[in-house]
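**Q** Sequence below, structure please.
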Amino acid sequence: MPSRPVQPSRLTTLLQSLVASLILLAPPTIADSPFAVEVVHFDPGIGGVPGYDHPESALGEPTRTTGGSLFPAAVTPFQPAWLASEVVSLGIGGSIELAFDHLVLDDPDNPFGVDLLVFGNPFCTDTNAPWGIVGGIYEEGGRIEVSLNGRDWAVIPDVMADGGFPTFGWRDAGPYAEQPGRLPTDFTKPVNPSRHPNGLIGLDYDALIETYDGSGGGVGVDLASVGLSAIRFVRITNIGIDYTPEIDAIADVAAADGTRLPGDLNGDGLVNGIDLGLLLAAWGTTDATADLDGDLIVNGPDLGLLLADWTG
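**A** Numbers count the residues shown, from 1 in each chain. Purely as a prediction, here's the structure:
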(Lines give C-alpha, C1' and ligand atoms only; values in the text may rest on other atoms or scores of the structure.)
Protein backbone atom coordinates (compact mmCIF):
# COMPACT_ATOMS: atom_id res chain seq x y z
CA MET A 1 0.00 0.00 0.00
CA PRO A 2 1.49 3.35 -0.96
CA SER A 3 2.36 5.51 2.01
CA ARG A 4 0.19 8.52 2.66
CA PRO A 5 1.96 11.86 2.18
CA VAL A 6 2.77 13.56 5.44
CA GLN A 7 0.68 16.70 5.78
CA PRO A 8 1.99 19.70 7.67
CA SER A 9 0.18 20.39 10.91
CA ARG A 10 -2.15 23.34 11.12
CA LEU A 11 0.18 25.00 13.62
CA THR A 12 3.18 24.60 11.31
CA THR A 13 1.24 26.12 8.45
CA LEU A 14 0.15 29.05 10.57
CA LEU A 15 3.71 29.68 11.75
CA GLN A 16 5.02 29.55 8.19
CA SER A 17 2.39 32.05 7.10
CA LEU A 18 3.20 34.31 10.03
CA VAL A 19 6.92 34.31 9.29
CA ALA A 20 6.30 35.02 5.61
CA SER A 21 4.00 37.91 6.50
CA LEU A 22 6.46 39.39 8.97
CA ILE A 23 9.27 39.26 6.42
CA LEU A 24 7.09 41.11 3.94
CA LEU A 25 6.21 43.69 6.56
CA ALA A 26 9.83 44.29 7.55
CA PRO A 27 11.27 47.47 6.02
CA PRO A 28 14.13 47.15 3.53
CA THR A 29 17.42 46.84 5.34
CA ILE A 30 20.00 49.58 4.87
CA ALA A 31 23.56 49.22 6.08
CA ASP A 32 23.97 50.91 9.44
CA SER A 33 26.38 53.80 9.64
CA PRO A 34 29.07 53.35 12.30
CA PHE A 35 28.86 57.12 12.92
CA ALA A 36 26.16 59.45 14.25
CA VAL A 37 23.42 60.21 11.73
CA GLU A 38 21.23 62.67 13.67
CA VAL A 39 21.59 65.76 15.85
CA VAL A 40 18.85 65.40 18.45
CA HIS A 41 19.62 68.59 20.35
CA PHE A 42 22.25 71.33 20.34
CA ASP A 43 22.93 74.16 22.77
CA PRO A 44 26.09 76.15 21.89
CA GLY A 45 26.46 77.44 25.46
CA ILE A 46 28.28 80.67 26.28
CA GLY A 47 31.64 81.67 24.87
CA GLY A 48 32.05 79.01 22.22
CA VAL A 49 34.33 79.69 19.26
CA PRO A 50 32.48 82.17 16.96
CA GLY A 51 31.23 80.53 13.79
CA TYR A 52 31.75 77.00 15.09
CA ASP A 53 28.09 76.50 15.93
CA HIS A 54 27.08 74.04 13.21
CA PRO A 55 26.08 70.84 15.03
CA GLU A 56 25.92 68.80 11.81
CA SER A 57 29.71 69.02 11.77
CA ALA A 58 29.63 66.20 14.34
CA LEU A 59 27.78 63.81 12.00
CA GLY A 60 29.47 61.23 9.83
CA GLU A 61 33.05 60.05 10.08
CA PRO A 62 35.87 62.04 11.67
CA THR A 63 37.85 64.45 9.53
CA ARG A 64 40.79 63.03 7.53
CA THR A 65 41.92 66.18 5.73
CA THR A 66 41.52 69.73 6.97
CA GLY A 67 42.30 73.32 5.99
CA GLY A 68 40.37 73.40 2.72
CA SER A 69 42.04 74.52 -0.50
CA LEU A 70 43.96 77.42 1.09
CA PHE A 71 45.71 75.50 3.89
CA PRO A 72 45.38 71.82 2.98
CA ALA A 73 46.62 69.34 5.57
CA ALA A 74 46.28 65.67 6.38
CA VAL A 75 44.84 65.20 9.86
CA THR A 76 47.52 63.75 12.13
CA PRO A 77 48.10 63.86 15.88
CA PHE A 78 50.11 67.06 15.28
CA GLN A 79 47.60 68.90 13.08
CA PRO A 80 43.95 68.36 14.04
CA ALA A 81 40.76 69.25 12.19
CA TRP A 82 39.96 72.93 12.69
CA LEU A 83 37.46 74.19 10.09
CA ALA A 84 33.93 75.19 11.17
CA SER A 85 32.55 72.58 8.78
CA GLU A 86 34.55 69.88 10.58
CA VAL A 87 34.09 70.46 14.32
CA VAL A 88 31.45 72.04 16.54
CA SER A 89 32.40 74.14 19.58
CA LEU A 90 30.72 73.91 22.99
CA GLY A 91 30.79 77.00 25.16
CA ILE A 92 30.20 77.02 28.91
CA GLY A 93 27.13 74.89 29.63
CA GLY A 94 26.82 73.94 25.97
CA SER A 95 25.84 70.44 24.88
CA ILE A 96 25.20 68.33 21.82
CA GLU A 97 23.11 65.17 21.67
CA LEU A 98 23.75 62.76 18.81
CA ALA A 99 22.03 59.56 17.71
CA PHE A 100 23.06 56.44 15.84
CA ASP A 101 20.73 54.65 13.43
CA HIS A 102 21.23 51.41 15.36
CA LEU A 103 22.07 50.17 18.83
CA VAL A 104 25.68 50.32 19.95
CA LEU A 105 26.23 47.16 21.99
CA ASP A 106 28.49 46.31 24.89
CA ASP A 107 30.19 43.69 22.73
CA PRO A 108 32.85 41.38 24.20
CA ASP A 109 34.22 40.88 20.69
CA ASN A 110 35.22 44.53 20.43
CA PRO A 111 38.96 45.25 20.65
CA PHE A 112 40.04 45.95 24.26
CA GLY A 113 36.36 45.93 25.31
CA VAL A 114 35.84 49.42 23.83
CA ASP A 115 32.36 49.96 22.39
CA LEU A 116 32.19 53.65 21.52
CA LEU A 117 34.73 56.21 20.29
CA VAL A 118 34.42 59.99 20.63
CA PHE A 119 36.55 62.26 18.46
CA GLY A 120 37.30 65.85 19.45
CA ASN A 121 40.29 67.75 18.12
CA PRO A 122 43.01 67.25 20.72
CA PHE A 123 46.55 67.35 19.40
CA CYS A 124 50.12 66.50 20.31
CA THR A 125 52.63 69.22 21.00
CA ASP A 126 55.96 68.71 19.24
CA THR A 127 59.35 68.95 20.94
CA ASN A 128 61.23 68.54 17.67
CA ALA A 129 59.15 70.11 14.90
CA PRO A 130 58.77 69.28 12.09
CA TRP A 131 59.85 65.72 12.85
CA GLY A 132 57.04 64.86 15.23
CA ILE A 133 58.24 64.04 18.76
CA VAL A 134 55.32 64.01 21.21
CA GLY A 135 55.81 66.53 24.00
CA GLY A 136 52.28 66.43 25.45
CA ILE A 137 48.57 66.27 24.63
CA TYR A 138 46.42 69.38 24.42
CA GLU A 139 42.80 68.55 25.30
CA GLU A 140 39.74 70.54 26.34
CA GLY A 141 37.44 68.26 28.29
CA GLY A 142 33.72 67.66 27.84
CA ARG A 143 31.51 65.24 29.80
CA ILE A 144 30.22 62.16 27.94
CA GLU A 145 26.80 60.67 28.72
CA VAL A 146 25.10 57.73 27.02
CA SER A 147 21.50 56.55 26.84
CA LEU A 148 19.43 53.77 25.34
CA ASN A 149 16.18 55.72 25.10
CA GLY A 150 17.26 59.38 25.09
CA ARG A 151 15.67 59.96 28.50
CA ASP A 152 17.74 58.07 31.06
CA TRP A 153 21.42 59.04 30.97
CA ALA A 154 24.59 57.57 32.44
CA VAL A 155 27.77 59.63 32.86
CA ILE A 156 30.95 57.97 31.61
CA PRO A 157 33.50 58.32 34.42
CA ASP A 158 37.06 59.59 33.98
CA VAL A 159 36.80 60.20 30.22
CA MET A 160 36.98 63.54 28.36
CA ALA A 161 35.21 63.96 25.02
CA ASP A 162 37.75 66.37 23.56
CA GLY A 163 40.72 64.34 24.68
CA GLY A 164 42.17 60.87 24.44
CA PHE A 165 44.19 59.81 21.42
CA PRO A 166 44.34 62.59 18.81
CA THR A 167 42.75 61.80 15.45
CA PHE A 168 44.99 60.09 12.90
CA GLY A 169 43.59 60.19 9.36
CA TRP A 170 46.24 58.32 7.37
CA ARG A 171 48.71 55.58 8.14
CA ASP A 172 51.22 56.85 5.60
CA ALA A 173 51.08 60.66 5.91
CA GLY A 174 53.86 62.56 7.66
CA PRO A 175 53.31 64.59 10.85
CA TYR A 176 52.74 67.82 8.90
CA ALA A 177 51.73 66.44 5.51
CA GLU A 178 49.74 68.76 3.27
CA GLN A 179 48.23 65.97 1.18
CA PRO A 180 46.29 62.88 2.22
CA GLY A 181 48.04 59.53 2.24
CA ARG A 182 47.03 56.37 0.42
CA LEU A 183 46.28 54.23 3.49
CA PRO A 184 43.33 55.51 5.56
CA THR A 185 43.12 54.57 9.21
CA ASP A 186 40.15 52.77 10.75
CA PHE A 187 37.85 55.10 12.69
CA THR A 188 36.00 52.13 14.23
CA LYS A 189 39.17 50.65 15.75
CA PRO A 190 40.40 51.95 19.12
CA VAL A 191 43.97 52.46 20.19
CA ASN A 192 44.98 50.04 22.92
CA PRO A 193 43.78 51.94 26.04
CA SER A 194 46.70 50.59 28.05
CA ARG A 195 48.72 53.14 26.10
CA HIS A 196 47.05 56.00 27.93
CA PRO A 197 47.46 59.23 25.90
CA ASN A 198 50.15 60.31 28.36
CA GLY A 199 52.00 57.19 27.30
CA LEU A 200 52.52 58.79 23.90
CA ILE A 201 54.84 61.42 25.37
CA GLY A 202 58.35 61.05 24.05
CA LEU A 203 57.42 58.88 21.07
CA ASP A 204 58.79 59.71 17.65
CA TYR A 205 56.49 59.59 14.65
CA ASP A 206 57.32 56.03 13.62
CA ALA A 207 56.63 54.81 17.15
CA LEU A 208 53.38 56.78 17.17
CA ILE A 209 52.23 55.06 13.98
CA GLU A 210 53.11 51.69 15.48
CA THR A 211 51.22 52.47 18.70
CA TYR A 212 48.05 53.44 16.82
CA ASP A 213 48.30 50.19 14.83
CA GLY A 214 45.96 51.39 12.07
CA SER A 215 43.47 53.05 14.43
CA GLY A 216 42.14 56.54 13.74
CA GLY A 217 42.37 57.46 17.44
CA GLY A 218 39.57 58.87 19.60
CA VAL A 219 38.69 58.40 23.25
CA GLY A 220 37.27 54.96 24.05
CA VAL A 221 34.17 54.14 26.10
CA ASP A 222 33.32 50.72 27.53
CA LEU A 223 29.57 50.56 28.12
CA ALA A 224 30.13 48.00 30.83
CA SER A 225 31.63 50.82 32.90
CA VAL A 226 28.11 52.16 33.44
CA GLY A 227 26.29 48.81 33.38
CA LEU A 228 24.59 49.27 30.01
CA SER A 229 24.26 46.50 27.42
CA ALA A 230 23.40 48.93 24.62
CA ILE A 231 22.97 52.62 23.84
CA ARG A 232 21.75 54.68 20.92
CA PHE A 233 22.25 58.27 22.08
CA VAL A 234 25.38 60.18 23.13
CA ARG A 235 25.38 63.58 24.86
CA ILE A 236 28.47 65.71 25.31
CA THR A 237 28.40 68.70 27.66
CA ASN A 238 30.93 71.38 28.54
CA ILE A 239 30.80 71.54 32.32
CA GLY A 240 34.02 73.58 32.63
CA ILE A 241 34.61 77.32 32.46
CA ASP A 242 38.17 77.44 31.13
CA TYR A 243 37.83 75.53 27.87
CA THR A 244 35.61 75.22 24.81
CA PRO A 245 35.64 71.58 23.70
CA GLU A 246 35.30 70.82 19.99
CA ILE A 247 33.56 67.68 18.77
CA ASP A 248 34.20 66.05 15.41
CA ALA A 249 32.39 62.69 15.47
CA ILE A 250 31.38 59.58 17.39
CA ALA A 251 31.79 55.99 16.22
CA ASP A 252 30.51 52.50 16.98
CA VAL A 253 33.51 50.21 17.41
CA ALA A 254 33.67 47.24 15.04
CA ALA A 255 34.15 43.74 16.46
CA ALA A 256 37.71 42.48 16.25
CA ASP A 257 37.07 40.05 13.40
CA GLY A 258 34.32 42.13 11.81
CA THR A 259 32.35 38.97 10.97
CA ARG A 260 29.68 38.64 13.66
CA LEU A 261 26.20 38.69 12.17
CA PRO A 262 23.59 40.89 13.88
CA GLY A 263 21.22 37.91 14.06
CA ASP A 264 23.79 35.87 16.02
CA LEU A 265 22.24 36.64 19.40
CA ASN A 266 24.26 34.13 21.42
CA GLY A 267 27.59 34.85 19.70
CA ASP A 268 28.33 31.29 18.54
CA GLY A 269 29.01 32.32 14.94
CA LEU A 270 25.71 30.90 13.64
CA VAL A 271 22.20 32.23 13.16
CA ASN A 272 19.88 29.33 13.78
CA GLY A 273 17.07 28.00 15.94
CA ILE A 274 18.81 28.95 19.18
CA ASP A 275 18.90 32.62 18.14
CA LEU A 276 15.30 32.40 16.93
CA GLY A 277 14.29 31.06 20.34
CA LEU A 278 16.09 33.90 22.10
CA LEU A 279 14.38 36.48 19.90
CA LEU A 280 10.93 34.96 20.46
CA ALA A 281 11.58 34.87 24.22
CA ALA A 282 12.26 38.61 24.06
CA TRP A 283 9.23 39.34 21.85
CA GLY A 284 7.48 42.58 22.72
CA THR A 285 10.27 43.76 25.05
CA THR A 286 13.06 46.32 24.66
CA ASP A 287 15.80 43.68 24.99
CA ALA A 288 18.80 45.38 23.35
CA THR A 289 20.37 42.14 22.12
CA ALA A 290 17.26 41.04 20.21
CA ASP A 291 16.22 44.52 19.04
CA LEU A 292 18.12 44.24 15.76
CA ASP A 293 16.73 47.37 14.09
CA GLY A 294 17.19 49.57 17.14
CA ASP A 295 13.59 50.81 17.38
CA LEU A 296 13.35 49.87 21.09
CA ILE A 297 10.88 47.00 20.56
CA VAL A 298 11.45 43.36 19.60
CA ASN A 299 8.90 42.56 16.88
CA GLY A 300 8.36 41.49 13.28
CA PRO A 301 11.09 43.60 11.63
CA ASP A 302 13.67 42.12 14.04
CA LEU A 303 12.51 38.62 13.11
CA GLY A 304 12.88 39.51 9.44
CA LEU A 305 16.45 40.73 10.01
CA LEU A 306 17.36 37.58 11.92
CA LEU A 307 16.00 35.33 9.17
CA ALA A 308 17.93 37.36 6.57
CA ASP A 309 21.14 36.36 8.43
CA TRP A 310 20.09 32.70 8.76
CA THR A 311 22.96 30.18 8.49
CA GLY A 312 21.15 27.10 9.74
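**Q** okay, now the domains of this structure?
**A** According to automatic domain parsing, the chain comprises the domains 38-252, 261-312.
**Q** among these, which gets the worst mean confidence?
**A** Lowest mean pLDDT within the domains of the chain: domain 261-312, a mean of 84.
**Q** how close does residue 130 sit to residue 174?
**A** As for residue 130, its distance to residue 174 is 8 Å (criterion: CB to CB, to the nearest Å). The C-beta positions use only the backbone N, C-alpha and C, and glycine is treated the same way.
**Q** And the two? Which one has more around it.
**A** residue 174 (16 against 10; other CB atoms under 10 Å).
**Q** hang on, the earlier thing: among the domains of the chain, which is the most enclosed?
**A** domain 38-252 (a mean of 19; mean count of other CB atoms under 10 Å).
**Q** Start and end of that one, how far apart?
**A** Domain 38-252 has an end-to-end distance of 14 Å (CA to CA, to the nearest Å).
**Q** Show me how far that domain is from its chain's centre.
**A** Taking CA atoms, centre = their mean, to the nearest Å, one finds the center of domain 38-252 at 11 Å from the center of the full chain.
**Q** so where do the strands sit in the stretch 1-150 of the chain?
**A** Along the stretch 1-150 of the chain, counting by DSSP state E, counting those that start in this stretch, strands occupy 38-43, 65-66, 73-74, 88-89, 95-105, 116-120, 123-126, 134-138, 143-147.
**Q** I'd like to know which of those lies nearest to residue 190.
**A** Closest of the strands of the stretch 1-150 of the chain to residue 190 is strand 116-120, at 5.9 Å (criterion: CB to CB).
**Q** partners of the closest one in the sheet?
**A** strand 219-221 (antiparallel), strand 246-252 (antiparallel) (DSSP bridges).
**Q** I'd like the domains of the chain laid out as TSV, including distance to residue 32.
**A** Putting those into TSV (distance: least, CB to CB, whole Å) gives the following:
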stretch	distance to residue 32
domain 38-252	4
domain 261-312	8
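**Q** Grab the nearest non-local neighbour of residue 305.
**A** The shortest distance from residue 305 to any non-neighbouring residue, by CB to CB, 6 or more residues apart in numbering, is to residue 292 (4.3 Å).
**Q** Just to check, that neighbour is in contact with residue 306?
**A** Yes - under the criterion of CB atoms under 8 Å, residue 292 makes contact with residue 306 at 6.4 Å.
**Q** between these two, what contacts are shared?
**A** Counting by CB atoms under 8 Å, 6 or more residues apart in numbering, the residues touching both residue 292 and residue 306 are 262, 263.
**Q** First residue to last residue on stretch 114-128, what's the distance there?
**A** 32 Å.
**Q** Just send the strands paired with strand 116-120 back as JSON lines, with distance to residue 122 too.
**A** Shown next, in JSON lines, are those (distance: least, CB to CB, whole Å):
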{"stretch": "strand 219-221", "distance to residue 122": "8"}
{"stretch": "strand 246-252", "distance to residue 122": "9"}
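**Q** which one of those strands lies closest to residue 234?
**A** Short answer: strand 246-252, nearest of the strands paired with strand 116-120 by CB to CB, at 5.2 Å.
**Q** State the next helix or strand along the chain beyond the closest one.
**A** Next along the chain after strand 246-252, taking DSSP states H and E as the criterion, comes helix 273-281.
**Q** contacting residues for the nearest residue to residue 155 once chain neighbours are set aside?
**A** Using CB to CB, 6+ apart and skipping residues adjacent in sequence, the residue nearest residue 155 is residue 145, 5.3 Å away. Contacts for residue 145 (CB under 8 Å, 6+ apart) come out as 153, 154, 155, 156, 234, 235, 236, 237.
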